[in-house]
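S.K.: What follows is a predicted protein model with its sequence.
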Amino acid sequence: MSAPHRIIGQGLAGTCLAWSLHDRRAPFEIIDREGHGSSRVAAGMINPVTGKNFQPSWRIAEFLPEAVEFYRRLEERLGAVFWHPLTVVRLASREADWEKIRSKLADPEVAPWVAGEVSPPDERWVGAVEVKGGGRLDVRAFLDASRAWFVERGFYHQAEADPASPEDRQGIWCEGAAGLIAGRPGLHRCAKGEILTLRADGWEEPRIRVGDGGWLIPIGGDLYKAGATYVWDVLDAAPTEKGRRQVEDIAHRLAPGPFEVIGHDAGVRPILRRSQPLIGPLGEGWFFNGLGSKGSLYAPGVARRLAEWMLDGTEPDPDLDLRQFLASVKHS
């Protein structure tokens with residue numbers, strides 16, 4: 001029997017790759033230092049149409065169905081619910097922003113994801129549209145349930161990887177921001193983010209609200225997640241008072257009423273180029289990183305492609321190939 005593939009890191013990338021290898025009956029093991037990775041504080045939101053320009057997320061039509069099918073299959077296997085479909089309400093507080101959104105509604109790439117215009121929730125907003133296909137992955141529950149399954153079968157070990165050891169050099173590095181900041185593969189655009197957990201009685205808002213650069217996500221039981229900040233010059237996982245105030249401002253703009261802050265988390269998004277992941281050979285091993293703030297959407301499909309590359313020699317399209325990306329950076 002061949003040596004097991006050694007996955008380094010059990011965030012979204014490492015966990016989804018482990019399941020992809022398991023589905024192919026390929027031997028694997030996972031080591032994880034059990035640090036404060038961003039996957040464990042992520043809100044898990046999937047919003048098909050994003051940003052100031054109201055554009056569909058990169059290759060959403062390709063990756064979203066595969067991600068939902070992947071999580072549903074694991075819900076049956078692990079006996080828990082991880083994926084929560086939710087309508088997204090995109091709000092505009094300024095006429096210029098609203099006109100930009102409305103101008104995109106007939107765009108053939110945008111139209112499939114938009115249910116239509118709806119009434120804004122209150123007078124602070126000048127317009128609103130409902131976006132289809134969104135939702136929330138309970139990332140921590142997914143990671144914890146997967147880890148318990150791997151531990152029970154001896155596939156998981158708590159350990160610190162050593163880049164100098166022959167065994168780890170040949171591993172599959174799924175380290176998230178920690179690996180990018182440590183220099184694998186040598187450049188990054190990581191960004192720290194802070195989010196709050198809120199308790200609010202009687203809001204009864206079942207939809208994700210997105211507007212004015214922030215978001216508010218119902219997570220059940222009168223609880224909501226609100227976020228998020230972007231900081232590029234301090235890359236640690238420590239919550240700050242400044243970050244809390246910024247997210248409280250976001251929450252006050254989006255919230256339908258008063259709330260209580262009951263949780264405050266911070267993490268570092270693993271970014272190489274926006275939130276578009278990359279895979280490929282790196283040194284003697286392999287690399288899977290750069291999920292950014294959209295790991296819930298991209299991790300399952302990209303993990304499958306990496307497994308096919310490793311096991312079958314089937315290379316992915318150039319958009320996902322780390323070698324192509326590094327070559328383009330070198331010549332830019």
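M.R.: That came through, no problem. Numbers count the residues shown, from 1 in each chain.

S.K.: list the contacts for the residue most central in space within the chain?
M.R.: Centroid-nearest residue in the chain, with CA atoms, centre = their mean: residue 295, separated by 2.6 Å. By CB atoms under 8 Å, 6 or more residues apart in numbering, the contact set of residue 295 is 11-13, 39, 42, 139, 277. No exception for glycine: its C-beta is placed from N, CA and C like everyone else's.

S.K.: Now with 6 Å, please.
M.R.: Neighbour list for residue 295: residue 12 [criterion: CB atoms under 6 Å, 6 or more residues apart in numbering].

S.K.: cool, and residue 305?
M.R.: By CB under 6 Å, 6+ apart, the neighbours of residue 305 are residue 316.

S.K.: Same question for residue 182.
M.R.: Residue 182 sits next to no residue when contact means CB under 6 Å, 6+ apart.

S.K.: and if we set it to 8 Å?
M.R.: residue 175.

S.K.: Can you tell me how far residue 183 is from residue 282?
M.R.: Applying CB to CB, to the nearest Å, the value for residue 183 to residue 282 is 11 Å.

S.K.: what number of residues lie near the residue lying closest to residue 87 once chain neighbours are set aside?
M.R.: Nearest residue to residue 87 in three dimensions, chain neighbours excluded: residue 207, at 4.6 Å (CB to CB, 6 or more residues apart in numbering). Residue 207 has 17 neighbouring residues, counting by other CB atoms under 10 Å.

S.K.: What of residue 52?
M.R.: Neighbours around residue 52, by other CB under 10 Å: 9.

S.K.: returning to that earlier point: how far away is the residue nearest to residue 87 from residue 135?
M.R.: 11 Å.

S.K.: Now list whatever residues contact both of these two.
M.R.: Applying CB under 8 Å, 6+ apart, one finds that residue 207 and residue 135 are jointly contacted by residue 86.

S.K.: Mind jotting down where the strands sit in the stretch 151-300 of the chain?
M.R.: For the stretch 151-300 of the chain, strands defined by DSSP state E, counting those that start in this stretch occupy the ranges 156-158, 172-173, 191-199, 208-211, 214-220, 223-227, 260-269, 278-282, 285-289.

S.K.: and the second one, how far from the chain's centre?
M.R.: Just to be clear, that refers to strand 172-173. Centroid separation for strand 172-173 versus its chain: 18 Å, with CA atoms, centre = their mean, to the nearest Å.

S.K.: Each with direction, which strands does that strand pair with?
M.R.: strand 5-8 (parallel), strand 285-289 (parallel) (DSSP bridges).

S.K.: hmm, who's touching it?
M.R.: Residues outside strand 172-173 that contact it (CB under 8 Å, 6+ apart): 5-9, 14, 17, 161, 179, 184, 282, 285-289, 306, 310.

S.K.: Against residue 154, how distant is residue 83?
M.R.: Counting by CB to CB, the gap from residue 83 to residue 154 is 28 Å.

S.K.: can you check residue 144 too?
M.R.: Noted for residue 144: a distance of 18 Å to residue 154, by CB to CB.

S.K.: want to throw the strands of the stretch 151-300 of the chain into TSV with mean neighbour count and distance to residue 301?
M.R.: As requested, these are arranged in TSV below (neighbours: other CB atoms under 10 Å; distance: least, CB to CB, whole Å):
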stretch	mean neighbour count	distance to residue 301
strand 156-158	15	23
strand 172-173	26	17
strand 191-199	22	23
strand 208-211	24	22
strand 214-220	21	22
strand 223-227	23	24
strand 260-269	18	19
strand 278-282	21	11
strand 285-289	25	12
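
S.K.: Compare those strands and give me the one nearest residue 246.
M.R.: strand 191-199 (7.4 Å; CB to CB).

S.K.: of residue 144 and residue 154, who's got more company?
M.R.: Per other CB under 10 Å, whichever of residue 144 and residue 154 has more neighbours is residue 144, with 14 against 8.

S.K.: Quick check: phi and psi at that one.
M.R.: The phi/psi pair for residue 144 (degrees, to the nearest 10) reads phi -70, psi -40.

S.K.: CA atoms only: put stretch 34-53 into PDB for me.
M.R.: What follows is stretch 34-53, C-alpha atoms only, in PDB (Å, rounded to 0.1, in the frame of the first residue of the first chain):
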ATOM      1  CA  GLU A  34      -5.000  23.500  16.000                       C
ATOM      2  CA  GLY A  35      -4.200  27.200  15.800                       C
ATOM      3  CA  HIS A  36      -6.600  30.100  15.300                       C
ATOM      4  CA  GLY A  37      -7.200  29.700  11.500                       C
ATOM      5  CA  SER A  38      -9.600  31.900   9.700                       C
ATOM      6  CA  SER A  39     -11.900  29.000   8.700                       C
ATOM      7  CA  ARG A  40     -12.900  28.600  12.300                       C
ATOM      8  CA  VAL A  41     -14.100  32.200  12.600                       C
ATOM      9  CA  ALA A  42     -15.600  32.600   9.100                       C
ATOM     10  CA  ALA A  43     -19.200  33.500   8.800                       C
ATOM     11  CA  GLY A  44     -19.500  31.100   5.800                       C
ATOM     12  CA  MET A  45     -21.700  33.400   3.700                       C
ATOM     13  CA  ILE A  46     -22.200  32.700   0.000                       C
ATOM     14  CA  ASN A  47     -23.500  35.700  -1.900                       C
ATOM     15  CA  PRO A  48     -23.800  35.000  -5.700                       C
ATOM     16  CA  VAL A  49     -23.600  38.700  -6.700                       C
ATOM     17  CA  THR A  50     -21.100  40.900  -4.800                       C
ATOM     18  CA  GLY A  51     -19.200  44.100  -4.600                       C
ATOM     19  CA  LYS A  52     -19.700  47.800  -5.400                       C
ATOM     20  CA  ASN A  53     -20.200  46.800  -9.100                       C
END
